[in-house]
Structure formats: C-alpha cells, structure tokens
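In: This is the structure alone, sequence omitted:
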C-alpha cells in the first residue's frame, strides 16, 4: 500500500523525527491517539484505514499501522514519516522487528486438516506453505523441498493467480491421493486428475479466507513453528538455516 507520491530522503526523515522528538512542530505534547487518528484521517485519502496508533520507542513519535505497513507521526498528526527506526546502540531494526511481530502466526492454530501433507524422514521439523498451482515460484520451492530431511510440509492451496487456478486447486485437493497429485503436478508437470463433481472442495475456500486473515499477499508464503514467516521461494540452504534457527532459537537477552 503505497500512498506517498515520492520517496522521502534520509535527511527529511531525520529532520521530521527530530522535530517530533523536540516538540518543535507546534503540536501539544499531550496529544493522544484520537487526535492523531482524526488529523491524519482528515488529510489522507478516505480509502486508507488506520488500524492502530501507539507510542514508538522514540519520545514524541507515534507508530501508525496501516494494514501490514508501519509509518510514524508526530503527536499532532500533522506529519507522516516513512522509514525505519534503527537502534544503533543495540544494532536493531526496531521497525522490522515490529513488522515481524505483527505478521507472526500461531502455528498450532492452523487448520492442518485443510492442508495437503507430506513427510520425509522423522518429520519433526514442520512448515506450512501457502501455494497456488500455477505459481512458478511455488513449483521451484516444491523442488527445493525435496532436498530437505526430517520435515513435514503442510500445503494450503490457494488459487490467487486467476485463470484456471481455482479448477486446478480443487482438482489437486479432491484427488484420491492429493499428496501424490500435488507433487506430480508441481514437480514433474503431470496433469492433475479430472475433478470429480461430488468432491467437497470447501477447504479451498477456507484456505483463501485464512490467507486473507493472516495477510498472505503472495505465493509461496512459508510459515514456521515459531510464528515467523518467509515470503517467496527459499533455496534449500536458506530453508535449512531458518529451520535450524527455529529449533535452536537465540535465547540471549536483548539489551534494553
């Protein structure tokens, strides 16, 4: 969702942030969420909905969440700032950490009964993948998955690319052996079996609704057991690194 007409320079970002912190923009230090919402809404296009306003780690600067994007505002809601907050002392991208938290998904809450499943080895490492049958990057990722060991893959088929994606999605789901049908199509390009009219493909509609709820905007989208996600096709090496991080998370306390 890009509504800025032109990119903001680093200098402008730094200046706006400084003005907000120092209170030099003429706004009241006591301005609250309602004031920011009201003033920003009055100046922005009506179709843009502000989902959340909360204090940022910088005094006088407020975080404004619009969908799955983060902007910042001064306390009066007069200035809207686009850019990342970098904690130089602790070498952290505060904005990126916030976005990752917002996009986190409770793996245990996923309706795994609506997924096509396959396992390799002991299957102890689990991922969920949202994929469209006509997605070339999904096919590339499916091939990469064949190089992984000790993994269980839950594929939520979502027809988001148009064309015959809905028909192929239902055909894959309704196949007698949907795991074999899906992998034959995605990896080897074998035609999917003919869709049986009696098949209940309601799972595909539920998958679409789920993808919208957790803001899956492209395929493949990969979800890990720790709640993190990765957009796009990872290489086997990249996926292995992410899986190892999930199995052995960094428990080093972060400096405050």
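Out: Received it, and whenever you're ready, just let me know what you need. Here the structure is a predicted model, which means the values were calculated and not measured.
In: What lies in contact with whichever strand or helix holds residue 211?
Out: Residue 211 belongs to helix 202-213 when elements are defined using DSSP states H and E. Defining contact as C-beta atoms under 8 Å, 6 or more residues apart in numbering, one finds that helix 202-213 is touched by 110-111, 113-115, 130, 156-160, 166, 169-170, 173, 221. Every C-beta, even on glycine, is put in place using the N, C-alpha and C of the backbone.
In: filter the residues you listed to the buried ones?
Out: Using 16 or more other C-beta atoms under 10 Å as the burial test, those include 110, 114-115, 130, 156-160, 166, 169-170, 173, 221 as buried.
In: picking that back up, name the nearest of the contacts of helix 202-213 relative to residue 144.
Out: Among these, residue 221 lies closest to residue 144 (C-beta to C-beta), at 14.8 Å.
In: Wait, that closest one touches residue 228, no?
Out: No: using C-beta atoms under 8 Å, residue 221 makes no contact with residue 228, being 11.6 Å away.
In: hang on, residue 230 is in a helix, isn't it?
Out: No: going by DSSP: H, G, I helix; E, B strand; the rest coil, the assignment for residue 230 is strand, not a helix.
In: can you map out the strands along the stretch 51-200 of the chain?
Out: 52-55, 61-66, 69-74, 80-81, 86-87, 92-93, 116-120, 125-131, 151-157 (DSSP state E, counting those that start in this stretch).
In: Show me what the fourth one is packed up against.
Out: Using 3 or more C-beta pairs under 8 Å, 6 or more residues apart in numbering; DSSP states H and E as the contact criterion, the secondary-structure elements in contact with strand 80-81 are helix 10-22, strand 69-74.
In: Quick one: mean pLDDT over it.
Out: Averaged across strand 80-81, pLDDT comes to 91.
In: Please apply the same query to the third one.
Out: In this model, strand 69-74 has a mean pLDDT of 92.
In: for stretch 212-222, same thing?
Out: For stretch 212-222, the mean confidence score works out to 91.
In: mind listing what's buried in that stretch?
Out: Neighbour-count burial for stretch 212-222 [16+ other C-beta under 10 Å]: 214, 216, 219, 220, 221, 222.
In: Any idea how far it is from the middle of the chain?
Out: Centroid separation for stretch 212-222 versus its chain: 6 Å, with C-alpha atoms, centre = their mean, to the nearest Å.
In: Quick check: end-to-end length of that stretch?
Out: Start and end residues of stretch 212-222 are separated by 15 Å (C-alpha to C-alpha, to the nearest Å).
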